[in-house]
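1. All I have is the shape, not the residue letters:
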């Protein structure tokens, strides 16, 4: 399976379009978007956040590849209705593509009072409930907030700001792969036991990701388009 990842668009519709237009989709089985289609502090005059989210998602869906999405902490709650309408929603859900299962959970706690901020308790409860239906190692976890104390949740100040509940879930259920977003300066690859962790970087800055899965082997690559 080959997966294309577009993360952290933050309302930069034109920049996102430039990247999307240059990405080759030949051989891609799935596109995953781990959130922040929009930015509550960057809404173009005359548009709403939902307008921007809709335009971005339609641009991605025009690639004619299956898409799975979770919301980011900047995205309005109504984005879930749009995800459901387009049948791309995996927030709090388990979806299957071919022989692989996908579990999603969006949003992130921040000190900035952003829109979509589920509590750690809510995160733990939902993932625990979903985990009862999953076999260890046989699924991919898609989250906006990275797991705590990894390379992917370390801010520029050196502080780890990810989710302990997500980390605990990974340690217990051992997904094959965890795809995250959120901390723009922390793109890269890490591991928790046998689980590969990957954040390709922000699409608004030209970054996207490619994941290739062959059995239990996972190859992750962050790519960049000059814009």
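-> Cool, the structure landed. None of the values given here were measured: they were computed from a predicted structure.

2. buried set for the helix or strand of the chain with the lowest mean pLDDT?
-> The weakest-scoring helix or strand in the chain, judged by mean pLDDT, DSSP states H and E, is helix 13-22 (a mean of 93). Buried residues in helix 13-22, counted by 16 or more other CB atoms under 10 Å: 13, 15, 16, 17, 19, 20. Heads up, the C-betas are built off the backbone N, CA and C, glycines and all.

3. which helices and strands sit right next to it?
-> helix 49-61 (3 or more CB pairs under 8 Å, 6 or more residues apart in numbering; DSSP states H and E).

4. Which of the residues in the helix it packs on are classified as buried?
-> 49, 50, 52, 53, 54, 55, 56, 57, 59, 60.

5. Tell me which helix or strand comes right after it.
-> Reading on from helix 49-61 to the C-terminus, the next helix or strand found by DSSP states H and E is strand 67-69.

6. Report the rounded mean pLDDT for the following helix or strand past that next one.
-> Elements were assigned by DSSP H and E; along the chain past strand 67-69, the next helix or strand is helix 79-85. Averaged over helix 79-85, pLDDT sits at 98.

7. in helix 79-85, what's buried?
-> Buried residues in helix 79-85, counted by 16+ other CB under 10 Å: 79, 80, 82, 83.

8. so what secondary structure elements neighbour that helix?
-> helix 49-61.

9. and the helix it packs on with helix 13-22, angle?
-> With axes from the mean of the first three to the mean of the last three CA atoms, to 10 degrees defining the directions, helix 49-61 sits at 10 degrees from helix 13-22.

10. which residues are contacting helix 49-61?
-> Helix 49-61 is contacted by residues 6, 9, 11, 13, 16-17, 20, 31, 33, 37-40, 43-44, 67, 69, 74-76, 78-79, 82-83, 86, 88 when judged by CB atoms under 8 Å, 6 or more residues apart in numbering.

11. quick one on the thing from earlier: tabulate the buried residues of helix 79-85 (JSON lines), appending distance to residue 164.
-> Shown next, in JSON lines, are the buried residues of helix 79-85 (distance: CB to CB, whole Å):
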{"residue": "79", "distance to residue 164": "25"}
{"residue": "80", "distance to residue 164": "24"}
{"residue": "82", "distance to residue 164": "30"}
{"residue": "83", "distance to residue 164": "26"}
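
12. just these now: which is nearest residue 160?
-> Set against residue 160, the nearest of the buried residues of helix 79-85 by CB to CB is residue 79 (27.2 Å).

13. Thanks again, I'm all set now.
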